[in-house]
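A.B. asks: From the sequence below, what's the structure:
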Amino acid sequence: MSSKIFDYTKICKSIIEIDPKIRFAGVINDRGRLVAGGMKENVEPLESEKDDEMIFMELALRVKMRKEFDKQLGPVNFALASRERALAMSFLLGEDILYVVSEPDADYGQLPKKIIDLAHAE
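C.D. replies: Next up, the predicted model:
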């Protein structure tokens, strides 16, 4: 278990500011609940609040399932889903999940590295 304490609000705010294509930065706990962060100001959500809850719970479950292969493959650095209307990325922060959504044309080669560097520098 990591002893590092993260300032989730500061991390989410900093991530939203590193790229204009980022729409959302939030921290989800292992039960699928948003505990910090959220949608960038003046950005129209792509889904309803109820859909957000389902997405967060599904993400928490997916992260738990991926941990089953940590022994064989090593821990996941990040996961990325490229969708027609958005890029969705997830990163572990201790026992919680940093979830970032950007416009679909964001640079998915560079953006995850910038996010990892920023999140672990805070």
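
A.B. asks: Could you use CA atoms for every contact and neighbour count after this?
C.D. replies: Will do.

A.B. asks: ranges for the strands of the protein?
C.D. replies: For the chain, applying DSSP state E gives strands covering 22-28, 34-39, 79-82, 87-93, 96-102.

A.B. asks: Need the nearest residue in space to the spatially most central residue of the chain, chain neighbours excluded.
C.D. replies: Nearest residue to the geometric centre of the chain (Cα atoms, centre = their mean): Y99, 1.4 Å. Excluding its sequence neighbours, the residue lying closest to Y99 (Cα to Cα, 6 or more residues apart in numbering) is S90, at 4.6 Å.

A.B. asks: number of nearby residues for the one you found?
C.D. replies: The number of residues packed near S90 is 25, by other Cα atoms under 10 Å.

A.B. asks: repeat for G74
C.D. replies: Per other Cα under 10 Å, the neighbour tally for G74 reads 10.

A.B. asks: Next one: it relative to A60, how far apart?
C.D. replies: Separation of G74 from A60 (Cα to Cα, to the nearest Å) stands at 18 Å.

A.B. asks: Likewise for A119?
C.D. replies: 19 Å.

A.B. asks: for L92, same thing?
C.D. replies: Distance, L92 to A60, by Cα to Cα: 10 Å.
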